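**Q** A structural model of the following input is requested.
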Amino acid sequence: MAVLSISRRTVARSARVLGLASASAALVLSAGGSAFACDIKDFSAEAKCDGDKGVITVTDVDPGGVPATVTVYLQNNGADLKKVGEQVVKGSSEGVTITFNEDWKPNAEYRIHVKAADLVDEDIKPNLTTPSTACKKEDTPPSESATPTPSESTPAEEESSPAPEPSEETSTTPADTSSNAPSPAGESNLAETGANSNTGLIAGIAIALVAAGGGAVFFGLRKRGSTR
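**A** Predicted structure coming up:
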């Protein structure tokens, strides 16, 4: 009888120990399963630039690798303006990233929705807002101060510019030959000295006086010779 009572006690104790162990194992497995379950917190979105084009990336760090469908919408005043695209991602503990080609504008708002089996069916919060600077920089026109005006030509340009061709009036005007043309014989002295028409009369009188004086001297000499 003593042996039987001891055996029953041992079996009861063993049963209690096994029950506690099973409960503990169930709790551990339950905690582990919830830790690896897919959650919206496993997803993140970002607006980036790929060269001069915009892209939107979504990264899934779900260690369980549950396939999830990601849909991106462009928002306008709290409503969906257009559907950008939809892709399936299977995450990992290292993270898996998918890319949506979207030439986004600065300060634009996008809604990213995630659907993963019966575990996740909601948006990434808050909505994605793009940077305030666009990926492609607009070409700025040159400033007015950098454009030289026609009057601001450099000395090198002035020296290298060809001389202007003579106009038709200058090239076809005949030379003034009035001062170089020979004048008549009787008018050469008058033209050169600038005398008027009385010069000839004065010259004639002078010649007559010289002739009269010569004649007087001649007759005076003859008369003196005859008196000797």
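
**Q** May I ask you to name the longest strand in the chain?
**A** Longest strand in the chain, counting residues (DSSP state E): strand 79-90.

**Q** buried ones in it?
**A** 84, 89 (16 or more other Cβ atoms under 10 Å). From N, CA and C alone the C-beta is placed, and that goes for glycine too.

**Q** Quick one: list the elements packing against the helix or strand just after it.
**A** Using DSSP states H and E, the helix or strand that follows strand 79-90 towards the C-terminus is strand 96-101. Helices and strands touching strand 96-101, by 3 or more Cβ pairs under 8 Å, 6 or more residues apart in numbering; DSSP states H and E, are strand 53-60, strand 79-90.

**Q** change it to 10 Å
**A** strand 43-50, strand 53-60, strand 67-76, strand 79-90 (3 or more Cβ pairs under 10 Å, 6 or more residues apart in numbering; DSSP states H and E).

**Q** need the ones you listed in JSON lines with mean pLDDT and distance to residue 213, can you?
**A** Shown next, in JSON lines, are the helices and strands packed on strand 96-101 (pLDDT from 0 to 100; distance: least, Cβ to Cβ, whole Å):
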{"stretch": "strand 43-50", "mean pLDDT": "96", "distance to residue 213": "123"}
{"stretch": "strand 53-60", "mean pLDDT": "96", "distance to residue 213": "123"}
{"stretch": "strand 67-76", "mean pLDDT": "97", "distance to residue 213": "132"}
{"stretch": "strand 79-90", "mean pLDDT": "96", "distance to residue 213": "133"}
